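Chemist: Pasting a predicted model and its sequence here:
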Amino acid sequence: MSADYQVHGTVAVITLNNPPVNGLGLETRAAAVQGMRRALADDAVNAIVITGAGKAFSGGADIREFNSPKALAEPSLASLIRTVEDSTKPVVAAIHTVAMGGGLELALGCNYRVAMPGAQIALPEVKLGLLPGAGGTQRLPRVLGLEAALNMVVSGAPVLSEKLAGTALFDAVFGAEDNLLEQALAFAEKVADVRPLPKVRDRKVDYPNHEAFLQFSRNTVKAMSGPFPAPLECVETVAASVTKKFDDGLAFERERFIALMQTNESKALRHAFFSERMTSKVPDLPADTPVRTIAKAAVIGAGTMGGGIAMNFANAGIPVTILEMKPEALEKGLATIRKNYENTLKKGKLTQQKFDQRVALITGSLDYAEIADADIVVEAVFEDMGVKEAVFKKLDEVMKPGAILASNTSTLDVDKIAAFTSRPQDVIGTHFFSPANVMKLLEIVRGAKTGKDVLATALALSKKLKKTGVVSGVCDGFIGNRMIEQYSRQAGFLLEEGCLPEQVDKAMEKFGFAMGPFRMGDLAGNDIGWYIRKRRYVESPEITYSKTADLLCEMGRFGQKTGGGWYDYKAGDRKAYPNEEVNAMIVKHSADLGIERRKISDQEIVERLVYALVNEGAHILEEGIALRASDIDMVYLTGYGFPLHRGGPMFYADTVGLPNVLGAMERMARGRHGDAWKPAPLLVKLAAEGKGFNG
């Protein structure tokens, strides 16, 4: 039973009991309805209290039942709320810790609500591209007023219960030292005989000149919500609480909820929500796999990456030592870290106390002996196998037994790096993304000999560092960079065939990318790609690339750091300004190759770049480099600026339909560099079976 029933004197107590947050799954709903019927049938019971076991009143819908028949099976949440609202005996919601989504909607269906301080109160459905679907948009304005309710519904942000004390949402907010159940029982006994029973639905939303306020809200929300339809729909449904009768408002809310459920944007947000939770699940890694203690960390290299990685450890309260070979490099790195923290402090995003704590946790050293007792050491030196070899041989020599030796390599073979040591079981890839103290993605590269406890520790550490840790197998470029190479190749071919950087970037940004490939190259440094291509020319001479990027680098235009790359940049201005010399070089290069430049549509640009990602992703999936398609999507959503409302490359391909993706690829295979469009066998197989990458 996932709701317990007990009688205390004349009060029946129904306790939602579905760990971890008392999600309102089918069993819990059914047990709660049964508890209500039992209490109503018992003449000795005068009042009813509904509360939650453990660490929540209720977090709302049970996410484990999403997209399953159970989510819609009777008794539905609306039926449970109707049973509570129609009760002939007073029902008191006793709220603590968390009352969110359907949990708050259930409480709003009760006659009274009492709460402990510190409880998080929210209707967060908008974050999944939805709106509250069990009366939240109609009842909350009736107790909080139009403006406060609208803010909560549109933002989805939690508000602490004590901040809502004094509103009609709560009849009492107790003291921190009080016992919730005792207080709720006393309250229930006190109101047991009060008639008529107060109902939220009977209240009126009184807001003078609501039309003007709602129109202002529509305009504001429309400007801020970008491609997502849910925030504006939230405004419209909350508006119905003023303009419609309660039951009509409820029907309107349900209709809009069902319509949003079908949108690609909501499907994409729900996909991202579940995908993030899946990344830590590794089939051959049991949940009880032991993890190693990480109480002390070290980072090799005080450059941009090393400094950012060190900040991650300090932000999580883990002391970290940065090792450098040269005193001036170390001083520069530590000064940059301090400056980053000072900027955050100035913006008010960090308290002086936190600033002092974090700065104090980061120390510098020029001696390997001083990092020997670290529990994990992350190497963040130049992306060259010779340099990595020297570092890992030294780490093998000095680090204590059981220390995790991690490499921040973005493309190199982790198995080869592990072989430089006598302890390959302790070696793992931890590919942070720049800027490492900001970007959410952490690619965790599992070598052939990486210990299971080391992998489990890296996954646990990624959570502690507030990263989305995605496990990858060993291959050149892992998941993200292996795919981005195909994307970049197509971007280069587009330049040869008729595009200029600005057109390509604008098309991708209109599609929803944070930035197009050429602005991204300028930000990352075009010399990095040049270095990798030079390695490819030797190791994989069969892969063709456009020479435009090499010609750009030969002009000394490495990007923002040199003041110019594909574009020009001005001091203190991140805006990209097209450069005539660069554009002339691109046009001349086409002529040198004997290519007649043509007009290329934005649709072709998007298809070529996105489907290049999809096809390589299919290879990665087939080879087992990624555990699941949703992991690839998380890499792209959290590390490469792929538009969230499109759910990641693999999800987007599913949305378009794999036969349609295949058809576009066959068309592109007839063009120049058509050999790049040989479809991955998995893509062909799934398209033929009418399936998608995500099932």
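Modeler: Ah, there it is. All values derive from a computational prediction rather than experimental measurement.

Chemist: State the distance from Leu4 to Ala44.
Modeler: For the record, residue 4 is Asp, not Leu. Distance, Asp4 to Ala44, using C-beta to C-beta, to the nearest Å: 18 Å. Where you see a C-beta, it was placed from the backbone N, CA and C, and this is true even at glycine.

Chemist: In terms of neighbours, single out the busier of those two.
Modeler: Asp4 (14 against 9; other C-beta atoms under 10 Å).

Chemist: So in terms of bridging, what pairs with the more buried one?
Modeler: Thr15 (DSSP bridges).

Chemist: need the contact list for it.
Modeler: Neighbouring residues of Asp4 by C-beta atoms under 8 Å, 6 or more residues apart in numbering: 13-15, 17, 53.

Chemist: Counting by contacts, list what the helix or strand that contains Ile528 packs against.
Modeler: Ile528 belongs to helix 526-539 when assigned by DSSP states H and E. Contact here means 3 or more C-beta pairs under 8 Å, 6 or more residues apart in numbering; DSSP states H and E; on that basis helix 526-539 packs against helix 548-554.

Chemist: Which element is encountered next along the chain beyond the helix it packs on?
Modeler: Immediately after helix 548-554, counting by DSSP H and E, sits strand 567-570.

Chemist: what's in contact with that following strand?
Modeler: Identification of contacts with strand 567-570 by C-beta under 8 Å, 6+ apart yields 501-502, 518-519, 522, 560, 563, 575-579, 582.

Chemist: C-alpha coordinates for the helix holding Ile528, CSV please?
Modeler: Output of helix 526-539 as CSV, limited to C-alpha atoms (Å, rounded to 0.1, in the frame of the first residue of the first chain):
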residue,chain,number,x,y,z
ASN,A,526,40.9,27.6,-34.7
ASP,A,527,44.4,26.4,-34.0
ILE,A,528,43.1,23.5,-32.0
GLY,A,529,41.1,22.2,-34.9
TRP,A,530,44.2,22.8,-37.2
TYR,A,531,46.4,20.8,-34.8
ILE,A,532,43.9,17.9,-34.9
ARG,A,533,43.5,18.0,-38.7
LYS,A,534,47.3,17.8,-39.1
ARG,A,535,47.2,14.6,-37.0
ARG,A,536,44.4,13.3,-39.1
TYR,A,537,46.2,14.0,-42.4
VAL,A,538,48.9,11.5,-41.2
GLU,A,539,46.7,9.0,-39.4
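
Chemist: before we move on, the earlier item: name the member of the contacts of Asp4 with the most neighbours.
Modeler: Most surrounded of the contacts of Asp4: other C-beta under 10 Å gives Ile14, at 24 neighbours.

Chemist: Hmm, it is touching Gly52, no?
Modeler: No: using C-beta atoms under 8 Å, Ile14 is not in contact with Gly52; the gap is 9.9 Å.

Chemist: Common neighbours of those two, please.
Modeler: By C-beta under 8 Å, 6+ apart, no residue touches both Ile14 and Gly52.

Chemist: coming back round to it: buried stuff in the helix holding Ile528?
Modeler: For helix 526-539, the neighbour count (16 or more other C-beta atoms under 10 Å) marks 526-527, 529-533, 535-536 as buried.

Chemist: Can you give the distance of stretch 452-469 from its chain's centre?
Modeler: 16 Å (C-alpha atoms, centre = their mean, to the nearest Å).

Chemist: which residues sit against it?
Modeler: Under C-beta under 8 Å, 6+ apart, the answer for stretch 452-469 is 276, 279-280, 282, 284-285, 289-292, 294, 312-313, 315-316, 318, 376, 404, 406, 425-428, 430, 440-442, 444, 446, 471, 634, 638.

Chemist: shaky segments in this protein?
Modeler: Residues of the chain meeting the criterion pLDDT under 70: 1.

Chemist: quick check: domain ranges of it?
Modeler: For the chain, automatic domain parsing gives the domain ranges 3-261, 297-472, 480-689.

Chemist: so which of these gets nearest Ala272?
Modeler: domain 480-689 (5.8 Å; C-beta to C-beta).

Chemist: Count the neighbours of the closest residue to Leu658 other than its chain neighbours for me.
Modeler: Spatial nearest neighbour of Leu658, chain neighbours left out: Ala687 (3.9 Å); criterion: C-beta to C-beta, 6 or more residues apart in numbering. For Ala687, the count of nearby residues is 19 (other C-beta under 10 Å).

Chemist: The one 5 residues further on now?
Modeler: Gly692: 17 surrounding residues under other C-beta under 10 Å.

Chemist: okay, now Ser155: neighbour count?
Modeler: 16.

Chemist: can you check Gly674 too?
Modeler: With other C-beta under 10 Å as criterion, Gly674 counts 13.

Chemist: quick one: it from Arg489, how far?
Modeler: Computed as C-beta to C-beta, the Gly674 to Arg489 distance reads 13 Å.

Chemist: for Val614, same thing?
Modeler: Applying C-beta to C-beta, one obtains 14 Å for the distance of Val614 from Arg489.

Chemist: Which one's more surrounded, these two?
Modeler: Taking neighbours as other C-beta under 10 Å, Val614 and Arg489 compare with Val614 leading, 28 against 22.

Chemist: Buried residues of stretch 576-585, list them for me.
Modeler: For stretch 576-585, the buried set under the neighbour-count rule, 16+ other C-beta under 10 Å, comprises 576, 579, 582, 585.

Chemist: Make a markdown table from those and add distance to Gln352 and secondary structure to it.
Modeler: Output for these, formatted as a markdown table (distance: C-beta to C-beta, whole Å; DSSP: H, G, I helix; E, B strand; the rest coil):
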| residue | distance to Gln352 | secondary structure |
| --- | --- | --- |
| Ala576 | 37 | strand |
| Asn579 | 44 | coil |
| Val582 | 46 | helix |
| Met585 | 51 | helix |
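
Chemist: Just the closest of those residues to Val194, please.
Modeler: The closest of the buried residues of stretch 576-585 to Val194 turns out to be Ala576 (C-beta to C-beta; 66.7 Å).

Chemist: Go ahead and confirm Gly23 touches Gly54.
Modeler: No: Gly23 is beyond contact range of Gly54, at 11.8 Å (criterion: C-beta under 8 Å).

Chemist: So for these two, which residue has more residues nearby?
Modeler: For Gly23 versus Gly54, the count of surrounding residues by other C-beta under 10 Å is larger for Gly23: 22 against 14.

Chemist: Which parts of the stretch 51-200 of the chain are helices?
Modeler: 69-72, 77-85, 102-109, 136-144, 146-155, 180-191 (DSSP state H, counting those that start in this stretch).

Chemist: got it, and the stretch 251-400 of the chain?
Modeler: 264-278, 304-315, 327-346, 352-361, 385-398.

Chemist: quick one: buried residues of the longest one?
Modeler: Of all the residues in helix 327-346, those buried under the rule 16+ other C-beta under 10 Å are 329-330, 333-334, 336-337, 340-341, 344-345.
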